[in-house]
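**Q** sequence and predicted structure are below.
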Amino acid sequence: MPFDALILRQLAVGWQDTVVGIKWTHAEIEPGRVRLGGSGTGFDLAIVLTPGLARIHRVPGRAQKPRGKAQHRSPFLESLLPATVRAITVVAWERIVYFELEQEGDLGEIRRRRLIVELAGHLTNLILVDHNQIVVDALKRVAPSSAGRTVFPGYPYTPPPALKDPCQTQNPKDLPPLARQKLTQVGPEFWNTLCHDYSRGTFSAYRLENPKQTEVWVYPLDGYQSVPVRDLDQAVDAVFSEKERRLRESSQKTQYAARLKDQVHHLQQRLAEWNTWLADDGESDRELGDLWLAHQYEFAAQDAPSALTVDSFRCPGTPIVLRLEDGLFPHEMAEQAYRRYKKAKSRQEVAMRLVDQTASALTLVEADLEAVESGQLTAEDIAARLRNLASHPTRPSGDRADKPTYRRFTSQHGYPIWVGRSREENQSLTFRQARPDDLWFHAKQVPGSHVILFCGKANPPLDDLLDAAELAVFYSPAQHSSMVPVDYTRRKLVKKRPHAEPGQVLYRQEKTLYITPDGDRLKRLGAVKERLGEL
């Protein structure tokens, strides 16, 4: 609890000459904080609501931007402004401060209200009450039906349970943590000094530094280098801004490491799967199909058995049991075995392409993870990589993030067009990158690339449709044909084909364009140049 009742007491003393009398005319809500300011004051009052970093202090003011019609307006701030600060008081030994306000009513009458700033841990809140202590509004409303203290417009304000006054109890447990630490260092005589300074508001301010942490407080402490500061508001702002920066960097480091660990786990799973596919050549299934065909007539007799033990072709002397399933004939059992063989060979071909690629990606991600955990990456590097992951969630991190994925083009009217390079990229492009209302293109009844025109719910002009269809033909075996039919439909109407290889799909409600390759269109898109560069 580095921002404690002693710091708040001393800050409030300084505000009597600077904040009292000003008129709050503008306010804004930022992530985790509220800023209140008045014209010509040169400073704003920042109220930070982040747990563990909650505080209130003055910060340099900044020029106010004119609010547009669509800009968010907080109902709470609307009820608070404008208001003139007439008095500031601090609840004894609490992190609660009262701002006594005057506001002008609709008929020109003066209304007296109180802004209560509570900085007590999870209770941190801003509450506006009227002269009868009835809640006008609150930054965080707590409805009567909720557990705990009610903070809701129209209900009486109930303050948090009061803390004990340590000057009366003389109990160290009632002191803030740093004051308790100071009492241990100085001894019982510290009670008189502390209570005298608190009652009169005659604290000083010190920046406390040691190799582990930096704090700001109202007394020097052993174990720290204690440097007096003249402006407590400025010191609080500097020290806590540094705490926020370190907390943010630590959070980003943890987040990035977690993302990398997820990638490592995913790539390890993929690599294990590819190696399993690579090891299975399907020859045992092919042999089984051959055996079923060779011995099919032995199952044709009326008293033929449902199972037959035969000798292996590949390993003579090794017995293999042919067991006929109910309702199937031997040639159907052979067909099943041959289908398994073809599937295993297809998987092996895929694995041969992907094993080295996945292993390289895994090495890069593991190197990134080691660099993060060993502190080799700077906070700026980590923040930049997190932004890159957010922009390109399907790309690996590190150096591979700079390598292009998919072929990328731009249509005549500026719509992005992406083209898959392989079956795996086709599937990823269609089912991971494309949005439901984007347009999907494919040359009809021929293998080829999936093409996505990223247009959302818009209906692109015909030229843009022709651009995408032209690319679908160009990246297919029909690129030298004429009048090639190209089907297109919304991506949400495209489904994976059950039990099929990656990239094989079913689609409906399609429309068809007939394309004869146009060299000028391909040159404008940049496809011809790219294709020649690949050959």
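**A** Arrived safely, thanks for sending. Residues are numbered from 1 along each chain as shown.

**Q** domain ranges for the protein, per the record?
**A** The chain breaks down into these structural domains: 5-138, 166-230, 267-391, 405-534 (assignment by automatic domain parsing).

**Q** give the contact list for T150.
**A** With contact set as CB atoms under 8 Å, 6 or more residues apart in numbering, T150 has these partners: 142-144, 158. Glycine gets a C-beta too; all of them are placed from N, C-alpha and C.

**Q** now for the top helix by length along the chain, which elements pack on it?
**A** As assigned by DSSP state H, the longest helix anywhere in the chain is helix 232-279. The helices and strands touching helix 232-279, judged by 3 or more CB pairs under 8 Å, 6 or more residues apart in numbering; DSSP states H and E, are helix 5-15, strand 55-60, strand 214-217, helix 330-373, helix 379-391.

**Q** that helix: what's the following helix or strand?
**A** Reading on from helix 232-279 to the C-terminus, the next helix or strand found by DSSP states H and E is helix 283-294.

**Q** can you show me the CA trace of that following helix as PDB?
**A** The C-alpha trace of helix 283-294 is given here as PDB (Å, rounded to 0.1, in the frame of the first residue of the first chain):
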ATOM      1  CA  GLU A 283       1.800 -51.100 -47.600                       C
ATOM      2  CA  SER A 284       0.100 -53.400 -45.000                       C
ATOM      3  CA  ASP A 285      -3.300 -52.300 -46.200                       C
ATOM      4  CA  ARG A 286      -2.400 -52.800 -49.800                       C
ATOM      5  CA  GLU A 287      -1.100 -56.300 -49.100                       C
ATOM      6  CA  LEU A 288      -4.400 -57.000 -47.200                       C
ATOM      7  CA  GLY A 289      -6.400 -55.900 -50.300                       C
ATOM      8  CA  ASP A 290      -4.300 -58.200 -52.500                       C
ATOM      9  CA  LEU A 291      -4.800 -61.100 -50.100                       C
ATOM     10  CA  TRP A 292      -8.600 -60.500 -50.000                       C
ATOM     11  CA  LEU A 293      -8.700 -60.600 -53.800                       C
ATOM     12  CA  ALA A 294      -6.400 -63.700 -54.000                       C
END
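
**Q** now the angle from the helix or strand following that helix to helix 283-294?
**A** Following helix 283-294 in sequence order, the next helix or strand is strand 307-311 (DSSP H and E). Orientation note: strand 307-311 sits at an angle of 110 degrees relative to helix 283-294 (axes from the mean of the first three to the mean of the last three CA atoms, to 10 degrees).

**Q** what about R245, how many neighbours?
**A** Using other CB atoms under 10 Å, R245 has 11 neighbouring residues.

**Q** distance check, it against S251.
**A** 11 Å (CB to CB, to the nearest Å).

**Q** okay, helices next: where are they in the stretch 1-150 of the chain?
**A** With helices called from DSSP state H, counting those that start in this stretch, the stretch 1-150 of the chain shows them at 5-15, 75-80.

**Q** report the contact partners of G52.
**A** Applying CB under 8 Å, 6+ apart, no residues contact G52.

**Q** circling back: could you point out which of the helices of the stretch 1-150 of the chain sits nearest R33?
**A** helix 75-80 (12.7 Å; CB to CB).

**Q** what is the closest one packed up against?
**A** Counting by 3+ CB pairs under 8 Å, 6+ apart, helix 75-80 packs on strand 26-30, strand 125-130, strand 135-138.

**Q** will you turn those strands into a markdown table that also has mean neighbour count, distance to W93 and mean pLDDT?
**A** Output for these, formatted as a markdown table (neighbours: other CB atoms under 10 Å; distance: least, CB to CB, whole Å; pLDDT from 0 to 100):
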| stretch | mean neighbour count | distance to W93 | mean pLDDT |
| --- | --- | --- | --- |
| strand 26-30 | 16 | 29 | 87 |
| strand 125-130 | 20 | 19 | 94 |
| strand 135-138 | 20 | 23 | 94 |
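
**Q** of all the ones you listed, which lies closest to Q268?
**A** Q268 lies closest to strand 26-30 among those, at 41.2 Å (CB to CB).

**Q** that older thread, what mean pLDDT does the longest helix of the chain get?
**A** For helix 232-279, mean pLDDT is 91.

**Q** rewinding a little: and of the domains of the chain, who's closest to P153?
**A** Using CB to CB, these put domain 5-138 closest to P153, at 5.4 Å.

**Q** can you give me the offset of the closest one from its chain's centre?
**A** Taking CA atoms, centre = their mean, to the nearest Å, one finds domain 5-138 lying 31 Å from the centre of the chain it belongs to.

**Q** likewise stretch 314-329?
**A** The chain centroid and the centroid of stretch 314-329 are separated by 54 Å under CA atoms, centre = their mean.

**Q** make residue 1 into 181 and carry on from there
**A** With the count now opening at 181, the last piece we talked about shows up as stretch 494-509.
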